[in-house]
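>>> I would like the atomic coordinates for the input below:
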Amino acid sequence: MVIGEEIVGLLPEYEIGEILPRRLEGILRNLEHFSGNRKMLHILAGETARLIAFLHGSSLKKEDVLRKLEELGDEDALKIYRSYLAGRKTEFSGKFLRDFVAKRVEKMKKPNVTSRAF
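As a prediction, the model looks like this:
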């Protein structure tokens, strides 16, 4: 079994434009699938917030994601991600979480998304 950093150089890189549309469609499918499950909606919203930060230059490290969301000034994304990291302790309504995910996915579908590879 191979694990850890030793395989990073062996993994292929993909342009974000190649994989982002499928990722966003997957988020929307999950949004529909989990529409009545607030815990899963919060997880999906936290992952959406992390994707927003990544598309704006953040690494996937928690501290980097928080810093980038602060820089972007997206207060809702920041609240959701902080709560997501704290075990989803803050109460958000299902509607709030669904609206957050749907609106952010629509924004990410626009063509001005970075061509960053990962």
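
>>> isn't there a helix covering residue 36?
No - per DSSP: H, G, I helix; E, B strand; the rest coil, residue 36 lies outside any helix segment and is coil.

>>> what's around it, how many residues?
Neighbours of residue 36 under the rule other Cβ atoms under 10 Å: 8. Yep, even glycine has a C-beta here, placed from its N, CA and C like the rest.

>>> Quick check: it touching residue 94?
Yes - counting by Cβ atoms under 8 Å, residue 36 does reach residue 94; the two are 7.1 Å apart.

>>> quick one: the helices in this structure?
For the chain, applying DSSP state H gives helices covering 16-33, 38-55, 62-72, 75-85, 94-109.

>>> TSV for those, including mean pLDDT?
Below are the helices of the chain laid out as TSV (pLDDT from 0 to 100):
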stretch	mean pLDDT
helix 16-33	88
helix 38-55	94
helix 62-72	95
helix 75-85	93
helix 94-109	94
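
>>> so which of those is the most packed in?
helix 38-55 (a mean of 21; mean count of other Cβ atoms under 10 Å).

>>> Give the other helices and strands that that one contacts.
Packed against helix 38-55 by the contact rule (3 or more Cβ pairs under 8 Å, 6 or more residues apart in numbering; DSSP states H and E) you find helix 16-33, helix 62-72, helix 75-85, helix 94-109.

>>> So for residue 46, which of these sits nearest?
helix 75-85 (3.0 Å; Cβ to Cβ).
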